[in-house]
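S.K.: Provided below for reference: sequence and predicted model.
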Amino acid sequence: MRRFAKWLSILLIVAALLAAGGFWYTFMSPYGYHPTETAIIDERIAEQDVFVYGTLRHDGLRWIIMGTPVETREATLKGYRKQDLDIRPQPDGEVRGEVLTVTPAALRALDRYERLGVRYTRESVKLADGTTAWVYKRLPE
């Protein structure tokens with residue numbers, strides 16, 4: 001039984017190290033992610049709004065990605081419907097989500113998470129309350 005516990009402990013440590021390495025590679029390293037699309041980030045604007053409707057609605061995940069907590073507000077995007085990991089135009093549709101107000105550095109971190117230019121594109125949309133925000137839309141495969 002002790003031998004099993006020892007090997008289980010070693011396996012858990014290796015799994016944690018692999019997970020940490022994967023996280024570093026994915027979100028922080030200069031390797032692996034090479035966008036095909038140039039990000040539009042105006043450094044003169046201190047904060048920009050981003051409409052999120054999926055995984056980015058989770059506080060813990062946002063904190064890991066951006067390195068800081070961020071305030072949110074509920075919002076609706078009319079004229080779209082949610083489909084799996086994407087939104088699609090639909091005249092009578094609406095997508096409920098949240099708006100994050102982020103710094104240019106946080107926007108770069110979100111672009112990296114969403115694999116801007118590889119998996120997603122970032123577009124400007126008008127929300128139901130009349131404000132404008134960025135939204136990530138899945139690129140065709």
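M.R.: Received, thanks. This is a predicted model, so every value here is computed, not measured.
S.K.: where in this structure is pLDDT low?
M.R.: Applying pLDDT under 70 to the chain flags the ranges 26-40, 42-43.
S.K.: and the lengthiest helix in it, how far from the chain's centre?
M.R.: Ranked by residue count, the top helix of the chain under DSSP state H comes out as helix 2-27. Taking C-alpha atoms, centre = their mean, to the nearest Å, one finds the center of helix 2-27 at 25 Å from the center of the full chain.
S.K.: swap in stretch 79-86?
M.R.: Using C-alpha atoms, centre = their mean, the offset of stretch 79-86 from its chain centre is 15 Å.
S.K.: just so I have it, where are all the strands in the chain?
M.R.: 48-52, 72-83, 86-102, 120-126, 132-138 (DSSP state E).
S.K.: Go ahead and produce PDB holding the CA coordinates of stretch 130-141.
M.R.: Provided in PDB are the C-alpha atoms of stretch 130-141 (Å, rounded to 0.1, in the frame of the first residue of the first chain):
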ATOM      1  CA  GLY A 130     -26.100  51.700 -27.000                       C
ATOM      2  CA  THR A 131     -22.500  51.300 -25.800                       C
ATOM      3  CA  THR A 132     -19.800  49.800 -28.100                       C
ATOM      4  CA  ALA A 133     -17.600  46.900 -27.100                       C
ATOM      5  CA  TRP A 134     -15.200  44.400 -28.500                       C
ATOM      6  CA  VAL A 135     -16.500  40.800 -28.900                       C
ATOM      7  CA  TYR A 136     -14.700  37.600 -29.900                       C
ATOM      8  CA  LYS A 137     -16.200  35.700 -32.800                       C
ATOM      9  CA  ARG A 138     -15.000  32.300 -34.000                       C
ATOM     10  CA  LEU A 139     -13.100  32.100 -37.200                       C
ATOM     11  CA  PRO A 140     -14.400  29.700 -39.800                       C
ATOM     12  CA  GLU A 141     -12.500  26.400 -39.700                       C
END
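S.K.: What residues of that stretch count as buried?
M.R.: Residues Ala133, Trp134, Val135, Tyr136 are the ones in stretch 130-141 that count as buried (16 or more other C-beta atoms under 10 Å). Where you see a C-beta, it was placed from the backbone N, CA and C, and this is true even at glycine.
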